[in-house]
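S.K.: Got a predicted structure here, sequence first:
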Amino acid sequence: MQGDGLEQEALALGALHARLSALVERWTAGVEDCQTPRENLLLFRREAPTGPCSCLVEPSIVLVVQGAKQLLIGDHAYAYDQQRFLITALDLPGTSQVLEASPEHPCLGLVLRLDLRIVAELIAQTGAAPTRDRAAGGSAALGTVTASLLEPFHRLVTLLDEPEALNVLAPLIEREIHYRLLTSDMAARLWQIASAGSQSQRIARAIEWLKAHYAQPLRVEELAAQAQMSQSTLHHHFRQLTAMSPLQYQKWLRLSEARRLMLNERLDAASAAFQVGYESPSQFSREYSRLFGSPPRRDIEGLRGRPTAAESAPVGAPSRPPRSGLR
């Protein structure tokens with residue numbers, strides 16, 4: 001009897017994957033990234049494996065309905081496919097890579113930005129106690145895809161064909177998705193993320209402060225005060241959750257914003273460097289080359305030769321809501 005139940009679950013999951021991948025394939029025909037009318041929902045398509053690509057990862061759930069991808073944060077690799085979904089908790093610098101894709105079988109999927117306020121409301125409403133079944137360290141984790149999680153995603157994407165109903169029904173479906181995540185094997189991770197006063201919450205406050213003041217000199221004591229932590233505790237948990245020190249994170253924000261300014265607003269390298277807080281163009285060029293693999297001018301010329309790769313959205317722009325780089 002148990003075997004029959006597992007077989008039925010597998011069949012239901014396979015059918016949902018097939019229907020959802022057909023929808024994503026239709027919406028992404030001819031494009032790599034499709035921004036939907038729901039600002040927090042993006043669809044993606046890749047027709048070939050890619051090398052590692054620097055990105056800013058928002059608090060999100062990422063589903064691959066065909067193909068496979070991986071996210072690298074520090075020394076940790078998170079590979080996800082039809083069986084595993086990726087969940088991220090903070091705005092994190094990372095490296096995204098498509099592992100399995102072809103023109104005949106493209107890598108297809110979607111990114112839904114998490115609303116941690118909804119998570120906190122649902123925890124309070126249900127009175128659920130935190131589970132200790134799963135280690136909750138780090139800012140990214142892999143969960144198991146189930147039919148109960150995939151089904152509301154299918155309804156959400158289907159709703160894109162009903163624009164008059166989208167704004168009314170989509171928030172309800174998105175709330176259901178957050179609830180399903182709280183009943184998944186990611187429950188402990190979400191509890192920790194959403195809990196006021198948790199280390200994740202305090203580091204999130206520090207990150208928000210860094211994003212708002214990235215062009216200013218970093219004073220660690222001021223950042224620690226914002227997070228309500230000692231300096232040593234801040235450094236420990238910041239590195240544990242982001243795989244970077246606060247100074248390295250600020251440098252990543254500066255360089256990524258400078259890249260966006262050069263690419264989208266066509267500033268020269270020196271102007272972009274000064275605007276994001278660098279005093280020395282030569283230091284900027286060295287650190288830019290170390291992060292992106294080539295000097296600013298050559299890197300931007302290469303990106304302009306790939307019109308779908310980076311021109312439509314900021315590459316981790318700190319001054320406005322960042323776009324997820326997981327697509």
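M.R.: Structure's in. What do you need?
S.K.: ok, which stretches of the chain are helices?
M.R.: 2-27, 116-126, 147-158, 163-182, 187-194, 199-212, 220-227, 231-242, 246-264, 269-275, 281-292, 296-304 (DSSP state H).
S.K.: Lowest average pLDDT across the ones you listed?
M.R.: Among those, helix 187-194 has the lowest mean pLDDT, at a mean of 77.
S.K.: quick one on the thing from earlier: mind checking which of the helices of the chain is nearest Arg46?
M.R.: helix 2-27 (11.6 Å; Cβ to Cβ). Every C-beta, even on glycine, is put in place using the N, C-alpha and C of the backbone.
S.K.: Mind giving me the packing neighbours of that closest one?
M.R.: If contacts are counted by 3 or more Cβ pairs under 8 Å, 6 or more residues apart in numbering; DSSP states H and E, helix 2-27 sits against strand 41-46, strand 60-66, strand 107-113, helix 147-158.
S.K.: could I get those as JSON lines with mean neighbour count and distance to Ala224?
M.R.: What follows is the helices and strands packed on helix 2-27, written out as JSON lines (neighbours: other Cβ atoms under 10 Å; distance: least, Cβ to Cβ, whole Å):
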{"stretch": "strand 41-46", "mean neighbour count": "22", "distance to Ala224": "34"}
{"stretch": "strand 60-66", "mean neighbour count": "23", "distance to Ala224": "27"}
{"stretch": "strand 107-113", "mean neighbour count": "23", "distance to Ala224": "28"}
{"stretch": "helix 147-158", "mean neighbour count": "20", "distance to Ala224": "38"}
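S.K.: Minimum distance to Ser21: which of those has it?
M.R.: Closest among those, using Cβ to Cβ: strand 60-66, at 4.2 Å.
S.K.: what mean pLDDT does the closest one have?
M.R.: Computed over strand 60-66, the average pLDDT equals 95.
S.K.: Give me the angle between that strand and strand 41-46.
M.R.: Angle, strand 60-66 to strand 41-46, by axes from the mean of the first three to the mean of the last three Cα atoms, to 10 degrees: 40 degrees.
S.K.: measure Glu162 to Leu172 for me?
M.R.: 13 Å (Cβ to Cβ, to the nearest Å).
S.K.: Please apply the same query to Ser294.
M.R.: 46 Å.
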